[in-house]
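**Student:** I need the structure of the sequence given here:
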Amino acid sequence: MLSDAHQLQRRGAIVRLLRDGLVRKQADLVRLLKKEGHGATQSSISRDLRDLGVLKATGRYVLPPDELTRANGDFGALTQFVRQLRRAGPSLTVLRTTIGAAQSVAVAIDKAEWPEVAGTLSGDDTIFIATASARAQEELIGRLRALFRV
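**Tutor:** Got it, this is the predicted structure:
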């Protein structure tokens, strides 16, 4: 198992590689990291990309804007990816995004630690957001509409 220091170094290299070039596949990223001496597998890279909030847009991996890495609730840069909001019962809200953006939006929601959110589950273009009650869902929907204009 790699230490936290190794993981931080690898993630720093991922950020640099994504800023410097065009990475379309995780296998390419694994190869580039190994070339630089970083231990990397497809599963570790997948976790790193998720934890870093990396988006896959227009067929390539894209870093989120710096403000998204803070847990301050600034979602301005993600607005362009959110398409639709709807209820699925009294405590489940569905947020639809462009293809490949759901995970990054869900990570931002999780990092914001809103009290009304019990948890999120994301796919490729859909996020399920669970709340503990209908009242909490109302608060969440108000917040999401204000943030994403949906």
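**Student:** state the distance from the residue nearest the centre of the chain to residue 43.
**Tutor:** For the chain, residue 104 is the residue whose C-alpha lies nearest the centre (CA atoms, centre = their mean; 1.7 Å). Distance of residue 104 to residue 43, given as CB to CB, to the nearest Å: 19 Å. For the C-beta atoms, the positions are set from N, CA and C on the backbone; glycine is no exception.
**Student:** what does residue 51 give?
**Tutor:** Distance from residue 51 to residue 43, counting by CB to CB: 13 Å.
**Student:** again, but for residue 29
**Tutor:** Taking CB to CB, one finds residue 29 at 12 Å from residue 43.
**Student:** one more: residue 13?
**Tutor:** 17 Å.
**Student:** the more surrounded of these two?
**Tutor:** Just comparing residue 13 and residue 43: by other CB atoms under 10 Å the higher neighbour count belongs to residue 13, 18 against 10.
**Student:** show the average pLDDT along the helix or strand hosting that one.
**Tutor:** Assigned by DSSP states H and E, residue 13 belongs to helix 4-20. On average, the pLDDT along helix 4-20 is 83.
**Student:** right, I'll call it a day here.
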